[in-house]
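Engineer: Fold the following, please.
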Amino acid sequence: MQISLAHQVALVTGASSGLGAASARALAAAGASVVINYNSQAAPAKALADEINASGGKAVALGADVSKEADVERLFAQILDAFGYLDILVANSGLQRDAAVVDMTLEQWNTVIGVNLTGQFLCARSALKIFNRQGVREGVSCAAGKIIHMSSVHQLIPWAGHVNYATSKGGVEMLMRSLAQEVSEQKVRVNGIAPGAIRTAINRDVTQGAAEKQLLKLIPYGRVGDPEDVANAVVWLASDASDYVVGSTLFIDGGMSLYPEFRGNG
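Structural biologist: Below you'll find the model as predicted:
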């Protein structure tokens, strides 16, 4: 099966590194024009755009804090100015501010909820306005638009010491499902991806050496994921190959969400 996203425009938020950067590369390789959103890391975002453009693709890096309504509205206006259309939103921006709940500050709570959950709402709302205006672009895609919400296995698995993060990801799941229920009749497909342990910079401390051996006890498939594992799923969900997939979460986790620590305890 060959997937082509030619003549489509994709926005990936939080795309200066990690899963966002891998998703941007994969979407560009499939033929999409890619908007690489960043907040504080302008240099790697612009370097990624240069890399994609040098390889024959089309990309632009645009800064915006997705937790701020004005920034999001400006970002989407810039996308229309640059490309005229938007077909795919990968709502990927996310961060952690970890603490035991008794020590967690309101700022730590609000920062994580603001980026991880409110940011996904703001971007989805702006994307939906564009999708509804432009409708289905015949010959380009079966859908008027595709939204992919990047979540985590922690939308399902509780995570002590990370209550703000886990709560934000549980919210992302219900945001995705509720949006899918509301807008699918408008020919907009909304789905989610829930990665497990992926070998990115944010996870470096737990994906090397002795820490990795401990982590692998939670992954039945026996390896830590690579960013490309997630990026491949992004491309599939953005394509017409998944046109009948609506309101679903794809767990990319090597089986972590199967609670493998319960093996043998039946």
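
Engineer: Spatially nearest residue to W236 (excluding sequence neighbours)?
Structural biologist: In this structure, W236 finds its nearest non-sequential neighbour in S242, 5.4 Å apart by CB to CB, 6 or more residues apart in numbering. For every residue, glycine as well, the C-beta is placed using N, CA and C.

Engineer: which residues sit in contact with the one you found?
Structural biologist: By CB atoms under 8 Å, 6 or more residues apart in numbering, S242 lies in contact with 189, 191, 236.

Engineer: and whatever helix or strand the first one lives in, what other elements does it pack with?
Structural biologist: Spelled out, it's R189. According to DSSP states H and E, R189 maps onto strand 188-195. Judged by 3 or more CB pairs under 8 Å, 6 or more residues apart in numbering; DSSP states H and E, the packing partners of strand 188-195 are helix 119-134, strand 145-150, helix 163-183, helix 227-238, strand 249-252.

Engineer: how about these, which one is nearest G94?
Structural biologist: Checking the helices and strands packed on strand 188-195 against G94 by CB to CB gives strand 145-150 as the closest, at 6.7 Å.

Engineer: Direction included, what does the closest one pair up with?
Structural biologist: Each strand paired with strand 145-150, and its direction, by DSSP bridges: strand 88-91 (parallel), strand 188-195 (parallel).

Engineer: What is the subsequent helix or strand relative to the shortest one?
Structural biologist: Read it as strand 88-91. Heading C-terminal from strand 88-91 (DSSP H and E), you reach helix 106-113.

Engineer: For that next one, give the mean pLDDT please.
Structural biologist: Mean per-residue pLDDT for helix 106-113: 98.

Engineer: For the lowest-mean-pLDDT helix or strand in the chain, buried residues please.
Structural biologist: Every helix and strand of the chain was ranked by mean pLDDT, DSSP states H and E. The lowest is helix 209-216, at a mean of 92. Buried residues in helix 209-216, counted by 16 or more other CB atoms under 10 Å: 212, 215-216.

Engineer: Spatially, and excluding backbone neighbours, which residue is closest to T118.
Structural biologist: S67 (5.7 Å).

Engineer: For the stretch 151-266 of the chain, give me the ranges with low pLDDT.
Structural biologist: 266 (pLDDT under 70).
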